[in-house]
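Undergrad: Sequence plus the predicted model coming up.
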Amino acid sequence: MSSTGAELHVSGLQGLTKIDTTMGRTSDVCADDSVPTVRAQNLDELHSLQVKKSAPSTPRGSLTPKGGATAGTPRSDEERQRQQLQSISTSLASLTRESGPQVVRGEPGKVPIASVTGRAAYDPRARFQDTSDSALKFTHVLYNLSPAELYEQALKSEKGSYITSAGALATLSGAKTGRSPKDKRVVSEESSRDDLWWGKGSPNIEMDEETFLVNRERAVDYLNSLDKVFVNDQFLNWDPENRIKVRIISARAYHSLFMHNMCIRPTPEELEEFGTPDFTIYNAGKFPCNRYTHYMTSSTSVDVNLKRKEMVILGTQYAGEMKKGLFSLMHYLMPKRGILSLHSGCNMGKAGDVALFFGLSGTGKTTLSTDQNRLLIGDDEHCWGDGGVSNIEGGCYAKCIDLSKEREPDIWDAIKFGTVLENVVFDEHTREVDYSDKSVTENTRAAYPIEFIPNAKIPCVGPHPRNVILLACDAFGVLPPVSKLTLPQTMYHFISGYTAIVAGTEDGVTEPTATFSACFGAAFIMMHPTKYAAMLAEKMQKHGATAWLVNTGWSGGSYGVGSRMKLAYTRRIIDAIHDGSLLEAEYTETPIFSLHVPTAVDGVPSEILMPENSWKDKQAYTDTLKKLAGLFQKNFCNFADYEVGGDSNLTQEILQAGPVFDQAS
Ligand SMILES: Nc1ncnc2c1ncn2[C@@H]1O[C@H](COP(=O)(O)OP(=O)(O)OP(=O)(O)O)[C@@H](O)[C@H]1O
Ligand SMILES: O=C([O-])CC(=O)C(=O)O
Ligand SMILES: [Ca+2]
Ligand SMILES: [Mn+2]
């Protein structure tokens with residue numbers, strides 16, 4: 001270095017006396033510990049040095065696409081990019097104008113990665129020629145960004161975005177902190193109408209095709225008006241034969257990262273060959289629906305159109321709408337292929353024994369399927385087909401309220417860089433989360449990729465289930481902590497889908513409220529519950545699975561008197577189901593519900609196994625038990641007229657498997 005400097009000196013300023021910079025040191029003693037200077041002339045150049053281009057995922061020409069229009073014709077990089085953007089422009093097209101928007105990949109103000117004009121007429125039915133300003137505007141697309149990029153986007157432009165001390169991205173979902181089932185609409189159209197469950201008890205509230213288009217147009221215009229939109233192209237279902245391609249178009253980095261975590265992430269090669277999605281979500285949740293629009297009963301509307309293969313979200317930013325909207329889609333598509341879709345968690349023992357965990361929200365699917373001794377296949381949505389089970393999702397969505405490292409170590413450790421933490425409260429300085437704080441909502445959640453659980457089973461598939469565990473959080477405290485079910489009882493409880501929650505405690509209400517939700521997830525099913533129940537019975541019988549009813553709720557009395565079942569006890573019960581020991585136990589039968597209760601479970605105090613032994617007030621126990629039985633009967637009336645799978649004997653058997661008691665006594 002110093003000798004070069006000296007030479008420069010000499011050649012630059014001839015005639016002057018050479019200055020001795022060695023200060024008498026000999027050149028073999030190097031005292032210069034400085035590093036070479038930066039290779040940039042200005043800050044812009046310096047910044048451009050910092051970031052380098054991603055390596056192409058596939059060496060060009062080595063691709064051998066299977067099937068599809070492009071088979072055999074290797075495409076250039078530019079051609080691939082152009083087709084991808086054209087596809088996004090088509091997705092974002094207004095149906096009343098001639099063309100999709102001019103799509104630019106990359107942020108506004110930055111050198112675009114690629115762009116395409118939406119001039120190609122894609123829809124011959126377009127009704128109006130467009131000469132509006134919106135047709136002149138570019139739509140900037142941030143396509144399948146990485147978690148780090150999405151963090152930066154969120155921190156830059158979304159209020160309420162913070163990095164917690166564990167590295168998770170804390171976000172706010174806005175005014176809605178849970179789903180809005182009353183605002184869900186399903187388009188009644190000829191391709192699916194006759195397959196769907198409509199009317200009393202059904203989650204499918206009808207909407208006509210024209211109104212759907214009005215909301216779709218509202219969402220598309222809103223999204224195209226933004227500075228930038230996020231687009232995720234991902235998959236559903238780990239069963240490669242039944243994989244569904246989904247595209248999610250959203251306005252927030254929060255939504256893009258949430259879906260990045262919750263859906264299956266394509267490899268770069270798979271993304272290049274993605275092509276046209278099978279289903280598209282338009283999440284314009286920051287923008288309300290127009291209440292003058294037919295069928296709108298609030299500012300929120302979540303609309304599914306099976307014919308168009310689209311979903312539109314207006315007026316709610318709660319990300320769970322997207323997750324569960326796609327689940328509804330699977331509840332339609334999969335049964336049509338003879339595959340049962342399930343609102344269940346799923347894990348597998350080292351010996352390959354698979355267990356399913358059914359249950360309504362908050363009953364323990366995520367908590368109990370995440371088990372350090374077993375492989376996690378998935379925590380919430382699965383398919384059961386001829387080859388076994390497969391997870392629909394690529395991530396988990398865990399409740400965080402009162403989360404502790406001791407009780408739920410794997411979930412605790414999964415909350416790190418990349419995880420979306422919704423609506424949690426944290427210290428303003430240390431950014432440490434207080435999981436007990438319900439200031440924003442009680443429904444605080446963490447969404448993380450499934451590989452954040454160390455013993456995840458990837459790919460998330462497994463053999464046919466050996467155990468089917470129905471979870472109920474019985475706040476009445478009358479159901480036993482565990483009982484073994486007959487097949488008709490399994491169907492009865494599956495169709496009932498019982499849990500009990502405790503309504504808002506702040507106004508002094510301490511009465512539990514029973515909730516019945518068919519198939520342990522009525523909000524998501526598309527067809528009649530008996531359709532799913534018949535498929536479950538058939539599969540359980542064929543593969544010899546045993547069903548169990550596990551009460552993760554109250555013991556020793558109802559809410560207010562008794563207490564919630566210790567998670568440690570529930571875990572012991574679940575262990576005994578998995579290891580087969582409970583199958584060998586001795587059983588006694590309960591009154592009214594006729595449930596078969598083991599007399600002993602390793603690690604669980606025997607007094608709590610029969611609920612009436614744990615209640616001090618025996619009369620109160622009997623009264624409460626009858627009250628709950630009455631609620632079950634009242635609810636089941638809705639299904640009594642249906643024949644399960646066309647087999648009326650099964651229906652009779654199922655009816656008889658419910659609680660039996662004399663109201664008067
Ligand atoms: N005995 C118990 N068994 C299971 N969970 C318990 C028990 N006692 C307390 N809990 C708590 O109940 C909650 C169960 O929630 P979990 O996230 O597992 O629900 P989920 O069934 O997955 O619901 P969702 O479908 O909404 O995700 C957790 O917060 C867990 O810590
Ligand atoms: O959908 C949600 O918001 C949470 C969930 O898993 C459920 O309710 O079953
Ligand atoms: Ca869950
Ligand atoms: Mn769920």
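TA: Looks like it came in fine. Ligands and ions are numbered 1, 2, ... in the order given.
Undergrad: Now the phi/psi pair for the closest residue to ligand 2 within the chain, please.
TA: Using Cβ to the nearest ligand atom, Gly320 is the residue of the chain that sits closest to ligand 2, at 3.0 Å. No exception for glycine: its C-beta is placed from N, CA and C like everyone else's. Taking degrees, to the nearest 10, you get phi -60, psi -20 for the backbone angles of Gly320.
Undergrad: neighbours around it, how many?
TA: For Gly320, the neighbour count with other Cβ atoms under 10 Å is 23.
Undergrad: what's near enough to touch it?
TA: Gly320 makes contact with 178-179, 397, 445, according to Cβ atoms under 8 Å, 6 or more residues apart in numbering.
Undergrad: Please determine how far it is located from Arg179.
TA: Plainly put, Gly320 is 5 Å away from Arg179 if you go by Cβ to Cβ, to the nearest Å.
Undergrad: With Gly387 instead?
TA: 31 Å.
Undergrad: Give me the distance between the residue of the chain closest to ligand 2 and Ile525.
TA: 17 Å.
Undergrad: before we move on, back to that, closest one of the contacts of Gly320 to ligand 1?
TA: Distance to ligand 1, by Cβ to the nearest ligand atom, is smallest for Tyr397 among these, at 5.7 Å.
Undergrad: In what element of secondary structure is the closest one found?
TA: Per DSSP states H and E: Tyr397 is located in strand 395-399.
Undergrad: Same question for Leu333.
TA: helix 320-336.
Undergrad: How far does that helix sit from its chain's centre?
TA: Offset of helix 320-336 from its chain centre (Cα atoms, centre = their mean, to the nearest Å): 11 Å.
Undergrad: With stretch 626-644 instead?
TA: Taking Cα atoms, centre = their mean, the mean C-alpha location of stretch 626-644 is offset from the chain mean by 31 Å.
Undergrad: cool, and stretch 351-365?
TA: The chain centroid and the centroid of stretch 351-365 are separated by 16 Å under Cα atoms, centre = their mean.
Undergrad: in it, what counts as buried?
TA: Using 16 or more other Cβ atoms under 10 Å as the test for burial, stretch 351-365 gives 353-365.
Undergrad: How about stretch 292-309?
TA: 295-296, 299-306, 308-309.
Undergrad: Reformat those residues as CSV; add pLDDT and distance to ligand 1.
TA: Output for those, formatted as CSV (pLDDT from 0 to 100; distance: Cβ to the nearest ligand atom, whole Å):
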residue, pLDDT, distance to ligand 1
Tyr295, 90, 27
Met296, 94, 27
Ser299, 96, 24
Thr300, 97, 19
Ser301, 97, 22
Val302, 98, 17
Asp303, 98, 22
Val304, 98, 19
Asn305, 98, 25
Leu306, 98, 23
Arg308, 98, 28
Lys309, 98, 25
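Undergrad: Which one of those is nearest to ligand 3?
TA: Val302 (19.5 Å; Cβ to the ion).
Undergrad: Please confirm that that closest one is located within a strand.
TA: Yes: counting by DSSP: H, G, I helix; E, B strand; the rest coil, Val302 is located in a strand.
Undergrad: Next up, phi/psi of the residue of the stretch 1-150 of the chain found nearest ligand 3, please.
TA: Proximity of the stretch 1-150 of the chain to ligand 3 (Cβ to the ion) peaks at Pro147, 21.1 Å away. Here is the backbone geometry of Pro147 (degrees, to the nearest 10): phi -50, psi -40.
Undergrad: Just to check, it is in contact with Lys416?
TA: No: judged on Cβ atoms under 8 Å, Pro147 makes no contact with Lys416 at a distance of 10.8 Å.
Undergrad: List the buried residues in stretch 566-586.
TA: Buried positions in stretch 566-586, judged by neighbour count with 16+ other Cβ under 10 Å: 567, 569-578, 582, 585.
Undergrad: Identify, from these, the entry nearest to His47.
TA: Checking these against His47 by Cβ to Cβ gives Leu567 as the nearest, at 50.3 Å.
Undergrad: follow-up on the earlier one: buried residues, the helix holding Leu333. List them.
TA: Buried-residue list, helix 320-336, by 16+ other Cβ under 10 Å: 320-335.
Undergrad: Same question for stretch 380-400.
TA: Buried residues in stretch 380-400, counted by 16+ other Cβ under 10 Å: 380-385, 388-400.
Undergrad: average model confidence for it?
TA: Taken as a whole, stretch 380-400 has a mean pLDDT of 97.
Undergrad: go on, stretch 612-632?
TA: Stretch 612-632 comes out at a mean pLDDT of 96.
Undergrad: Tell me which residues touch the spatially closest residue to Leu595 that is not a sequence neighbour, please.
TA: Distances taken as Cβ to Cβ, 6 or more residues apart in numbering place Ser483 nearest to Leu595, at 3.7 Å, with adjacent residues excluded. For Ser483, the contact set (Cβ under 8 Å, 6+ apart) comprises 548-549, 590, 595-598.
Undergrad: ok, what's across the strand from Ser483?
TA: Going by DSSP bridges, Ser483 is paired in beta bridges with Leu549.
Undergrad: Could you report the distance from it to ligand 3?
TA: Distance, Ser483 to ligand 3, using Cβ to the ion, to the nearest Å: 23 Å.
Undergrad: circling back: how about the contacts of Ser483 in JSON lines, adding secondary structure, distance to ligand 1 and neighbour count?
TA: Formatted as JSON lines, those follow (DSSP: H, G, I helix; E, B strand; the rest coil; distance: Cβ to the nearest ligand atom, whole Å; neighbours: other Cβ atoms under 10 Å):
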{"residue": "Trp548", "secondary structure": "strand", "distance to ligand 1": "14", "neighbour count": "22"}
{"residue": "Leu549", "secondary structure": "strand", "distance to ligand 1": "13", "neighbour count": "25"}
{"residue": "Thr590", "secondary structure": "coil", "distance to ligand 1": "19", "neighbour count": "18"}
{"residue": "Leu595", "secondary structure": "coil", "distance to ligand 1": "18", "neighbour count": "23"}
{"residue": "His596", "secondary structure": "strand", "distance to ligand 1": "21", "neighbour count": "18"}
{"residue": "Val597", "secondary structure": "strand", "distance to ligand 1": "17", "neighbour count": "22"}
{"residue": "Pro598", "secondary structure": "strand", "distance to ligand 1": "17", "neighbour count": "24"}
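Undergrad: Great, nothing more from me.
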